[in-house]
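Colleague: What follows is a predicted protein model with its sequence.
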Amino acid sequence: MHTKSPWFLFCLVAVVQFMVVLDVCITNVALPAIQASLGFEAGSLQWVVTAYALTFGGFLLLGGRAADIFGHRRVLLLGLGSFTVLSFLIGISTSPTMLIVLRAAQGVAAALMSPAALSVVLITFAEGKERNRALGHWTTVATGGAAVGLLLGGVLTQYLNWRWNFFINVPIGIAISIAIAKLLPHEPQESQHHDLDLPGAALVTGGLVLFVYVVSKAPEWGWTSMWTLSSGAAALLMLIAFVWNESICKHPLVPLSIFKLRNITGANLMSAPISAGSFGMFFLLSLYIQGVLHYSPVMTGLSFLPFPIILGSLSQRMARGVTKYGCRPFLIMGPLFVASGIAWLTRLPVAGNYWIDLFPTVVIVPIGMAMTFMPLMVAATSGVGEREAGLASGLINTSQQMGGALGLAILSSVATSVAARHMFMGVLESAVYGYTRAYIVAALFIVIATVIGQLFIREKRGVSIGATASAQSHAV
């Protein structure tokens, strides 16, 4: 795809991605206000975040493949229009059930937007220096959006209303839709078919969503209860059936041959545990800051302000580093920084001090994320042609979102169950102890990602990542 202003086009689709990521995290700071306004029960409050993340992650492969088959421009505009309308409807929600259902629908719209937007970047910038630079900016938007969402959510919640966390998408969505419709060129029809693998989409989406749901409900049902074991087995069988379906389908949702690219496989395997630890960290830390330290929504957001500043400045430098040294060194060292920053939170006290107990994490974690996410995106999208750009985009986004949803479910379950067993310590004391135990699990997730990076990510010394991936793709 060619355009006279590739970087302006990049800015348009980057705003789309920013909206998607923003809505994952902007609600974290608003959760207490939403609970008070709509009468959420404490145990169901996490579904304001989880419902969106689940459907987003579950439908990403379908969204990515649809973009490859029906056109990235068409799918992007469909998703963006739906996302904008649903944001308005969420803002006028009158009950917990209405809000959760609409958030789930909004996640489906985001699953159409996100892979189509990244696909535009992949087919606009050729592999090598320029794509690395673009993906460096993309990483800043994608990961920085989470931290900015916490700050913006605090401002909107405190000075306007929690509903403005969703209303804000409406004018932005309308403006960006008009600009993309006018400026994003129509693509030549390259797909030889319009057969979307709906059985495969149903199996992978159902299996992933059911699995995360089981993990989130297991503390309530009991880990060895019939409901947990039978539902978990059903989720596993659906995912096995998905793999079998892909191996025999003429036009599969995910051609299994893509996993012959070692770096793509490694990047997706790394992405899930990294996102699992990161999503849970933001969720629990925002609860700690507001519920235990009693910060206002705005002060909660400001406490995260160093995060996007550090992440944004370092992500740009990563583009040059990856072009020169490749992905592997950064994908080994970066997660270790993230793990150490999260590990610092395992010592949180009830009477915490921001500069001693929180600030080191807010500095160390974005350093690690900057070293990790941009190289991860390069490894996950290298060696694929235009016809598979949506697939590669959908895969890495699926790994991130489903890993994040699963991590949020696991860490919330750990925090809740540990706190319940230690109520003799006091309400706040038991809650904080639950958070610290959950952070141990989060740090272990990140360490697992480092091990995966050492085992899977491979590059020849002196060869750029773009050249390496290209050579791998020709070898398949």
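Modeller: That came in fine, so what should we check first?
Colleague: Tell me the secondary structure at the closest residue to Leu203 other than its chain neighbours.
Modeller: Once flanking residues are discounted, Leu203 sits nearest to Phe242: 3.9 Å by Cβ to Cβ, 6 or more residues apart in numbering. C-beta here means a position set from N, CA and C on the backbone, and glycine is covered the same way. Using DSSP: H, G, I helix; E, B strand; the rest coil, the three-state assignment for Phe242 comes out as helix.
Colleague: Going forward, count from 613.
Modeller: Happy to do that; since the first residue is 613 now, the last one works out to Phe854.
Colleague: So Phe854 is in contact with Leu820, correct?
Modeller: No: between Phe854 and Leu820 there is no contact under Cβ atoms under 8 Å: 9.2 Å.
Colleague: And for Gly703, the neighbour number?
Modeller: 19 (other Cβ atoms under 10 Å).
Colleague: do you know how far it is from Tyr907?
Modeller: According to Cβ to Cβ, to the nearest Å, Gly703 and Tyr907 sit 25 Å apart.
Colleague: what do you get for Gly834?
Modeller: As judged by Cβ to Cβ, Gly834 and Tyr907 stand 35 Å apart.
Colleague: now do Trp833
Modeller: 34 Å.
Colleague: hmm, who's touching stretch 902-915?
Modeller: Applying Cβ atoms under 8 Å, 6 or more residues apart in numbering, the contact partners of stretch 902-915 are 641-642, 644-645, 762-767, 769-771, 898, 901, 962, 964, 966, 970, 974, 1040, 1043-1044.
Colleague: ok now do Leu1040, which residues does it touch?
Modeller: 904, 962.
Colleague: quick one: pLDDT of it?
Modeller: If you check Leu1040, the pLDDT there is 90.
Colleague: Distance of it relative to Gly1046?
Modeller: 11 Å.
Colleague: All the strands of the stretch 663-812 of the chain, residue numbers only.
Modeller: Counting by DSSP state E, counting those that start in this stretch, the stretch 663-812 of the chain has no strands at all.
Colleague: can you list the weak-confidence ranges in it?
Modeller: For the stretch 663-812 of the chain, the stretches with pLDDT under 70 are 755-759, 799-807.
Colleague: where along it do the helices fall?
Modeller: Ranges of helices within the stretch 663-812 of the chain are 684-703, 708-736, 741-771, 776-779, 781-795, 810-833, based on DSSP state H, counting those that start in this stretch.
Colleague: I'd like those laid out as a markdown table, including distance to Ala1021.
Modeller: Shown next, in a markdown table, are these (distance: least, Cβ to Cβ, whole Å):
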| stretch | distance to Ala1021 |
| --- | --- |
| helix 684-703 | 21 |
| helix 708-736 | 15 |
| helix 741-771 | 18 |
| helix 776-779 | 22 |
| helix 781-795 | 25 |
| helix 810-833 | 4 |
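Colleague: now for those helices, which one comes closest to Gly669?
Modeller: The minimum distance between Gly669 and the helices of the stretch 663-812 of the chain falls on helix 810-833, with 6.5 Å, by Cβ to Cβ.
Colleague: now what about the closest one, what contacts it?
Modeller: By Cβ under 8 Å, 6+ apart, the residues outside helix 810-833 that reach it are 655, 658, 662, 666-667, 669-671, 673-674, 677, 839-840, 843-844, 846-851, 853-854, 857-858, 861, 864-866, 1010, 1014, 1017-1018, 1021-1022, 1024-1025, 1028-1029.
Colleague: Quick check on these: which are buried?
Modeller: 658, 662, 666-667, 669-671, 673-674, 677, 840, 843-844, 847, 850-851, 853-854, 857-858, 861, 864-866, 1010, 1014, 1017-1018, 1021-1022, 1024-1025, 1028-1029 (16 or more other Cβ atoms under 10 Å).
Colleague: Next step: the residues you listed restricted to helices.
Modeller: Secondary-structure check on these using DSSP state H: residues within helices are 662, 666-667, 669-671, 673-674, 677, 840, 843-844, 847, 850-851, 853-854, 857-858, 1010, 1014, 1017-1018, 1021-1022, 1024-1025, 1028-1029.
Colleague: Could you give the number of residues near Thr752?
Modeller: So Thr752, with other Cβ under 10 Å, has 23 neighbours.
Colleague: which residues does Phe779 contact?
Modeller: Contacts of Phe779 by Cβ under 8 Å, 6+ apart are 699-700, 703.
Colleague: got a pLDDT number for Ile1077?
Modeller: At Ile1077, pLDDT is 39.
Colleague: before we move on, what about Tyr937?
Modeller: You'll see Tyr937 listed with a pLDDT of 82.
Colleague: how much space between it and Met981?
Modeller: Here the criterion is Cβ to Cβ. By it, Tyr937 lies 18 Å from Met981.
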